[in-house]
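Engineer: Structure for the following, please:
(2 chains)
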Amino acid sequence: MAGFLKAIIILMLSLFVAMLAFAAGFGTNYFYSRNAPASVVASASATTSSQIPDKFGLMWESWNVLKDQFYYDIPAKNVLVHGMIRGALQSLGDPHTILVEPAPAQQEATSLQGNYGGIGAKVEVSKGQIVLLPFPDGPADKAGILPGDRVVKIGEDELKPEDTPDSVETKLRGEVGSTVNLTLNRIGVPDDIVVDIVRQEIDIPTVQYRMLDGTDYGYIQVTLESGDTPKEFDKALAEVKKNNPKGIVLDLRNNPGGLFPDPALEIVGQFLPNVPVVIEKYRDGTEKTYNSKAGNGAGDIPFVVLVNSGTASAAEIIAGAFLDSGKTALIGERTFGKGSVQGLYPLSDKSVLHITTAKWLTPKGGEIEGVGLKPNIQIPLTPEDAAKGIDPQLDRAILYLTNGK
Amino acid sequence: MKAIARILMMIVVALLLVGGAFVFGFAVSRAVAPNNPTASSAPVASTALVQQDNAPAEFRQDMQVFWEAWRLINDNFYAQPIDQNKMTYGAVAGMVESLGDEHTAFVDPERASYLEQQLSGSFEGIGATVEMVNGRLTIVAPIKGTPAAEAGLQAGDVILQVDETLIQNMDVMDAISIIRGPKGSTVVLKVQRGTQPAFDLSIVRNTINVPEVETKMLEDDTIAYIQLTEFGDKATSELRKALSEALAKNPKALIFDLRGNPGGYLHTAIEVASEFIDSGKVVLVEKFKDGQKKTYQAQSGGIATKIPLVLLVNEGSASASEILAASLRDQNRALIIGQKTFGKGSVKTTHSLSDQSQLRVTIANFYGPKEGQIHKVGITPDILVPDPTQFERSRGIDPQLQKAIDLIKSGEIKVPQTGSSSMAHPVAEGEVGLLTALQEWIAMNWFQPRLPA
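Structural biologist: Alright, predicted model coming up:
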């Protein structure tokens, strides 16, 4: 009997020690992986990343020729090394994997001081080009800039290969009331477009709402996802619901994204509680699924979602969740196609690498990056429509709520 | 004794349990948090790479950052596997690009073979000259008798898509490389013509021979017109043939058109100049970084050294074209009409690297016989006449050519006063090693390049 007791005690003690050891192991790796590069984790690439590539001799072969023969003065070594890094990144063909040099980051810090303003547009990369995604009703939008317009020049300065969305955003900022001159290139338009835009303080609420004139339908527009968006959205929904709407149009057009994941999970959850919103897929094949919150503020009210080529990133995630749910329709045009996640990796010389580390897929596994989402009902909004003040996409959305199709 | 054994066994079991649990916990933690793209100890990890790398001493310190980045990319970039060779080519190209000279470039093996094809004057494709206009790939002209011409492709057509690839804003060379392809294969172009809706055009590729010289006789055979489109492999022989045929008709003057000619081989430029300039006269002077000079003279045997000559140039005339313009001007050999030339006066050498890739390096600048600056300055014509507008072009009106014809007809272009120039340059004998310098190129980066696809 005593032996039996003793055995139990020993067993329990052992289990306790084992649990401690488990915790220690867990903690050690947790600490380790937080402070070590992911290479320690990803053993598959350990060999490539710890070896000099076969053809690297070309670098010094080239250098020796240049050193002897290049006609002009040779820049400092760190400039050449940044060039090497930029070239290596370019070969990956991913527009979001970039090197940000220390200078723009510092500029950014100074430009944030004082009374700075912007043009009201997010700067993104599309097909290797730096493009603008204007916020609804911001200065850029009002100046007629369309989502996807490519930045050619800011003032007299042509964009350079080392420009990044961050550096362009910095250049677009300035004193409130000052003017920035932009030269843009638009697909399908042969000549460059030149506009002057007066910088403004960009502080527009991210959610707008109203009842649609002459209908029983509510309209909620989300222009950007920020920390305030969930709260603003709750309020908008509550206000719209006071009118007992028979349906709601959710307008995500020209919404360039922003903060992820909370606003997206919140907004989807107000319509479809506890459903998958997006899958984050890592390079080792593992996945993480984000589910919507339980809000369900809209109850059973029918709804429909407007999107266009200015709907990007976090806004595309929201749209993707609705698209894959089968419970509603996306109406408008194909979305922008920004569905990847970047990690920021500081280098020892204070420059920062932005590396795409994961992709966002819709709940059914649909690709977003580079392709965007195809709406259930495709209908354009031409510049002529806009000039006439008509909105065929919104009209189609109302029709959808009326007919259910 | 038995007790000791039991205690020992218990210790062993306990250690195994503890160790196993530790490893298990470690593994679970890894599975739970597979990605942690925040902090990094890459500097430490990349030190090993810095040590393996045979970087020259002056680079060793700065290369630390490069290997940090290299590791971080390999360890974290989403799309796997990463092509290490491609990334290496990218790195070398990036280093060369950071020198800030657009004419100094690293060319990977694939592109190197393209460039060789380009100057050989023959390739497999559809046979249309294209250029990038505001990011849109635009047909300049289909080449006569080619699949592009037979399929009805027209000047001004915009190519939106090649097979499945959208080509808006694409590098013109990349666009061409996907339009070109093996003889007999089919390419489908999505074409936009004016305001018509875009349509698909299916074209079977063939071997395309691009003539480098075009000749016509004007004004009842009284004026010969010869256009040279590039200084490639065939330029010298085609020009010689064109000249002898044209001169046989005894024209009173010759118009030599180098508009839009982006250059080519240095030795070809000298051969072409030698047709117009008396043997022994200076064609160009090369100046190297260390101040050394090298002078190149016209070779003997030129067959057009006496005929009154008008040279047409514009802002698309670059490098080898500018050598011609500078030497003809400095030797009082031609009247130059048109627009200021491009201003590309640098000489490049092409080095073949160990794996068939190439490094093209600016090694010198060249100057006309009077040693006037060409690089970034260009050559200003004697008579400035604007390029044809789009409207004029579409109606076949060419004010520059017309000016040349008018001046010749009015008798203002005379036989050159040979020997009148101040040719005091002592010219070293045997400086013809140049002819063998087939590796020397000039200008492959062109002003609004118009290239055949």
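Engineer: pLDDT at the residue nearest to residue B:162 when sequence neighbours are not counted, what is it?
Structural biologist: Closest residue in space to residue B:162, ignoring its immediate chain neighbours: residue B:178 at 5.0 Å, by Cβ to Cβ, 6 or more residues apart in numbering or on different chains. Every residue, glycine included, has its C-beta placed from N, CA and C. Among the per-residue scores, residue B:178 shows a pLDDT of 88.
Engineer: Also the one 10 residues further on?
Structural biologist: Predicted confidence (pLDDT) at residue B:188: the value is 96.
Engineer: Tell me how many other residues surround the nearest residue to residue B:316 once chain neighbours are set aside.
Structural biologist: Counting by Cβ to Cβ, 6+ apart, residue B:316 lies nearest to residue B:260, which is 3.8 Å off, once chain neighbours are set aside. If you count neighbours by other Cβ atoms under 10 Å in any protein chain shown, residue B:260 ends up with 26.
Engineer: Check the contact between residue B:260 and residue B:317; I expect there is one.
Structural biologist: Yes: judged on Cβ atoms under 8 Å, residue B:260 makes contact with residue B:317 at a distance of 7.0 Å.
Engineer: phi, psi of residue B:309?
Structural biologist: With angles defined as degrees, to the nearest 10, residue B:309 shows backbone torsions of phi -130, psi 130.
Engineer: Name the next helix or strand downstream of the helix or strand harbouring residue B:88, please.
Structural biologist: Element membership of residue B:88, judged by DSSP states H and E, is helix B:84-97. As assigned by DSSP H and E, the chain's next helix or strand after helix B:84-97 is strand B:105-107.
Engineer: and the next helix or strand after that next one, how far from the chain's centre?
Structural biologist: Moving toward the C-terminus from strand B:105-107, the next helix or strand (DSSP H and E) is helix B:109-120. If you compare the mean C-alpha spot of helix B:109-120 with that of the full chain, they lie 10 Å apart, counting by Cα atoms, centre = their mean, to the nearest Å.
Engineer: So what touches the next helix or strand after helix B:109-120?
Structural biologist: Heading C-terminal from helix B:109-120, the first helix or strand you meet, by DSSP H and E, is strand B:122-125. Residues from elsewhere that reach strand B:122-125 (Cβ atoms under 8 Å, 6 or more residues apart in numbering or on different chains): B:117, B:176, B:179-183, B:205-210, B:452-453.
Engineer: what's the spacing between the residue in chain B that chain A sits nearest to and residue A:138?
Structural biologist: The nearest approach of chain B to chain A comes at residue B:94, 1.8 Å away (Cβ to the nearest Cβ). When Cβ to Cβ, to the nearest Å is applied, the distance between residue B:94 and residue A:138 equals 36 Å.
Engineer: Same question for residue B:380.
Structural biologist: Summarising the geometry, the distance separating residue B:380 from residue A:138, computed by Cβ to Cβ, is 47 Å.
Engineer: Low-confidence stretches in chain B?
Structural biologist: The model of chain B has pLDDT under 70 over residues B:1-5, B:7-46, B:115, B:118-119, B:134, B:390, B:393-394, B:414-451.
Engineer: and the top strand by length along chain A, C-alpha only, in CSV?
Structural biologist: Assignment by DSSP state E gives strand A:352-361 as the longest strand of chain A. The C-alpha trace of strand A:352-361 is given here as CSV (Å, rounded to 0.1, in the frame of the first residue of the first chain):
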residue,chain,number,x,y,z
VAL,A,352,14.6,48.7,-43.0
LEU,A,353,13.6,45.7,-45.2
HIS,A,354,9.9,45.3,-45.9
ILE,A,355,9.5,41.6,-46.7
THR,A,356,6.3,39.9,-47.8
THR,A,357,5.9,37.1,-45.2
ALA,A,358,2.3,36.0,-45.7
LYS,A,359,-0.7,36.3,-47.9
TRP,A,360,-4.3,36.9,-47.3
LEU,A,361,-6.7,34.5,-48.9
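Engineer: Are that strand and chain B in contact anywhere?
Structural biologist: Yes: applying Cβ under 8 Å from any Cβ of the partner chain, one finds that strand A:352-361 is in contact with chain B at A:353, A:355, A:356, A:357, A:358, A:359.
Engineer: Give me the subset of the contacts of strand B:122-125 lying in helices.
Structural biologist: The subset of the contacts of strand B:122-125 located in helices under the criterion DSSP state H comprises B:117, B:176, B:179.
Engineer: what's near enough to touch the second one?
Structural biologist: When contacts are counted by Cβ under 8 Å, 6+ apart, residue B:176 is found next to B:125, B:130, B:451, B:452, B:453.
Engineer: Rebuild those as a markdown table, extending it with distance to residue A:75 and neighbour count.
Structural biologist: A markdown table is the format used below for the contacts of residue B:176 (distance: Cβ to Cβ, whole Å; neighbours: other Cβ atoms under 10 Å in any protein chain shown):
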| residue | distance to residue A:75 | neighbour count |
| --- | --- | --- |
| B:125 | 38 | 26 |
| B:130 | 34 | 26 |
| B:451 | 31 | 19 |
| B:452 | 36 | 28 |
| B:453 | 35 | 26 |
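Engineer: Nearest to residue B:235 among these?
Structural biologist: Proximity to residue B:235 was ranked across the contacts of residue B:176 by Cβ to Cβ; first place goes to residue B:452, at 14.8 Å.
Engineer: what is the closest one paired to in the beta sheet?
Structural biologist: Beta-bridge pairing of residue B:452, defined through DSSP bridges, involves residue B:129.
Engineer: Which residues are in contact with it?
Structural biologist: B:123, B:125, B:127, B:128, B:129, B:130, B:143, B:176, B:208, B:210.
Engineer: and if you look at residue B:59?
Structural biologist: Residues in contact with residue B:59 (Cβ under 8 Å, 6+ apart) are A:63, A:77, A:80, A:81.
Engineer: Against chain B, which of those residues make the cut? List them.
Structural biologist: Restricting these to those near chain B - Cβ under 8 Å from any Cβ - leaves A:63, A:77, A:80, A:81.
Engineer: element containing the closest residue to chain B within the stretch 51-200 of chain A, please.
Structural biologist: With Cβ to the nearest Cβ as the measure, the residue in the stretch 51-200 of chain A that lies nearest chain B is residue A:87; the distance is 1.8 Å. Here residue A:87, judged by DSSP H and E, is contained in helix A:77-90.
Engineer: Just the buried residues of that helix, please?
Structural biologist: Residues of helix A:77-90 classed as buried: A:78, A:80, A:81, A:82, A:83, A:84, A:85, A:86, A:87, A:88, A:89, A:90 (neighbour count, 16 or more other Cβ atoms under 10 Å in any protein chain shown).
Engineer: Check what pLDDT the second one gets.
Structural biologist: At residue A:80 the predicted local confidence, pLDDT, stands at 96.
Engineer: Quick check: it touching residue B:92?
Structural biologist: No: the pair residue A:80 and residue B:92 fails to qualify as a contact (Cβ under 8 Å) at a distance of 10.7 Å.
Engineer: Can you get me a residue count around the residue nearest to residue B:114 when sequence neighbours are not counted?
Structural biologist: Take residue B:114 and drop its neighbours on the chain: the residue closest to it by Cβ to Cβ, 6+ apart is residue B:177, 6.3 Å away. By the criterion of other Cβ under 10 Å, residue B:177 has 17 neighbours.
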